[in-house]
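3D, please:
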Amino acid sequence: MTDLNQAIRYHEHGDPFDVLSLANIPFKNLGPRDVRIELQAATIHPSDLGLIHGSYGKLRELPAVAGREGVGKIVEVGSDVKEGVLNKVVSLPDGVGAWQKYCHADVDEIIFLPALVPYNQLAVSILNPLTAWRLLNDFEYLREGDVIIQNAANSAVGLSVIQFAKKLGITCVNLVRIEDRLNDLKSFGAEEVWLDNEDVPQRIREFTENKGCAMALNSVGGRSAVRLAKCVSEGGIHITFGAMVSEPVRFPTRNLIFDDIRFVGFWLDRWKRKQSLAQLRNALEDVLQPLALNEVKHPIDSVFAFDDFEAALRRNSESRFGKVLLARDKELIEKSIN
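Numbers count the residues shown, from 1 in each chain. Have a look, this model is predicted:
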């Protein structure tokens, strides 16, 4: 370990290509209950870009290290921490910046991860899968055989919804905006994959024999969100947790009045703030256990070396299927995928 840590930082908000830079920063001294964590792999998350642009719900104090999600291992411990935790695999703590080669955290506040699961899967095992699980379990009592519908089904949350819904015995209708993604999702195991167009409400009526969907999951907004509203059954729920398009959403008043549809929003960060650490750890068991049992898998598009972050950002902005990772050891992470 050198005397300096490397981090991808920003001193002002703006376009990531303009404001991000690779910087050498001093290591922070470990407190008695602190541990130092060595990065193994981190993901590029939409909220990472929102934080850098300055458009996310809650911003970090500048200058800030970018990144929210990743996996590392403990390489150094404070004086009051047992050495038995050395080399344990942990989730990179949210808030300190995942895009740095080393970070530190209070040992009592970190989340330990299953050691036998590959780093590439653990790097993306928290934010999106946990969002998907909460969407399916916190808002509506979904029964086996219920039908739900989601747009942006090829997103990371959407892919987790597909797998968790199947595990729960729920039929999920998956909408995509690009025709090329139809086969991608079918190959991934999705059974109902449709183009997101004006025919969707009528197709849902036919598919459900006029019963409609118990739940609609919206991360696109605009006209797509309105189409989802027309698919929800009486007394059902429409949940918005993202806004990929800037077009405003104008929900039909008749759905609110005559169909008693509930329109709600969900933000994982707010949900996490309401949980104790023990509650959060218990909640994560729901998403980590299927991963450890190889019942779910999170697609990885590509892996880039840590200092090649600009190429990683370019790839992240392109059409792809799966997450883009930054890695301390690119070859090691790529081998774990194949």
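
how much space separates R250 from P201?
15 Å (C-beta to C-beta, to the nearest Å). C-betas here are computed from N, CA, C, even on glycine.

how about D286, nearest residue that isn't a chain neighbour?
Once flanking residues are discounted, D286 sits nearest to W133: 5.4 Å by C-beta to C-beta, 6 or more residues apart in numbering.

contact partners for that neighbour?
Going by C-beta atoms under 8 Å, 6 or more residues apart in numbering, W133 touches S160, F164, A283, D286, V287.

counting neighbours, what do you get for the second one?
Same thing as F164. Counted with other C-beta atoms under 10 Å, the neighbours of F164 add up to 22.

ok, now the third one?
Counted by other C-beta under 10 Å, the residues lying close to A283 total 18.

distance of it from W133?
Taken as C-beta to C-beta, the span from A283 to W133 is 8 Å.

repeat for the last one
As for V287, its distance to W133 is 5 Å (criterion: C-beta to C-beta).

need the residues touching each of the two.
S160.

residues contacting stretch 207-218, please?
Counting by C-beta under 8 Å, 6+ apart, 135-136, 139-140, 142, 146-151, 158, 161, 173, 192, 204-205, 224-225, 228-229, 231-234, 236-242 sit against stretch 207-218.

same thing with stretch 262-272?
With C-beta under 8 Å, 6+ apart, stretch 262-272 has contacts from 57-58, 94, 127, 130-131, 134-135, 138-139, 229, 236-241, 251, 256, 280.

outline the domain layout of the protein.
4-126+299-337, 139-265 (automatic domain parsing).

what's the span of the first one, first residue to last?
Going back to what we said before, that points to domain 4-126+299-337. End-to-end span of domain 4-126+299-337 (C-alpha to C-alpha, to the nearest Å): 30 Å.

next: the last one.
Using C-alpha to C-alpha, the gap from the first to the last residue of domain 139-265 comes to 10 Å.

if I look at the residue nearest to D286, how far off is V296?
Taking C-beta to C-beta, one finds W133 at 10 Å from V296.

tell me, what's touching those two both at once?
With C-beta under 8 Å, 6+ apart as the test, W133 and V296 both reach S160, F164.

got the buried residues for the least confident helix or strand in the chain by mean pLDDT?
Within the chain, no helix or strand scores below helix 253-257, which has a mean of 76 by mean pLDDT, DSSP states H and E. By 16 or more other C-beta atoms under 10 Å, the buried positions in helix 253-257 come out as N255.

and it, C-alpha only, in PDB?
C-alpha atoms of helix 253-257 as PDB (Å, rounded to 0.1, in the frame of the first residue of the first chain):
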ATOM      1  CA  THR A 253     -58.300  11.800 -13.700                       C
ATOM      2  CA  ARG A 254     -60.800   9.000 -14.300                       C
ATOM      3  CA  ASN A 255     -58.300   6.400 -13.100                       C
ATOM      4  CA  LEU A 256     -58.000   8.200  -9.800                       C
ATOM      5  CA  ILE A 257     -61.700   8.600  -9.300                       C
END
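
immediately after that helix, which helix or strand?
strand 262-265 (DSSP states H and E).

partners of that following strand, with directions?
Paired strands of strand 262-265, with direction, are strand 232-240 (parallel) (DSSP bridges).

how far does the strand it pairs with sit from the chain's center?
23 Å (C-alpha atoms, centre = their mean, to the nearest Å).

ok, now stretch 282-296?
14 Å.

buried stuff in it?
So, applying 16+ other C-beta under 10 Å, buried residues of stretch 282-296: A283, L284, V287, L288, P290, L291, A292, V296.

just stretch 306-323 next, same as before
F306, F309, A312, L313, R315, N316, G322, K323.

leaving out sequence neighbours, find the closest residue to the third one.
The shortest distance from A312 to any residue other than its chain neighbours is 3.8 Å, reached at F304 (C-beta to C-beta, 6+ apart).

how many other residues sit next to that neighbour?
Neighbours of F304 (other C-beta under 10 Å): 21.

try E192
17.

which ones are touching it?
T171, C172, V173, N174, F207.

cross-check the contact I'm expecting between L142 and V161.
No - counting by C-beta atoms under 8 Å, L142 does not reach V161; the two are 11.5 Å apart.

which of those two has more residues huddled nearby?
Set side by side, L142 and V161 show more neighbours around V161, with 28 against 17, by other C-beta under 10 Å.
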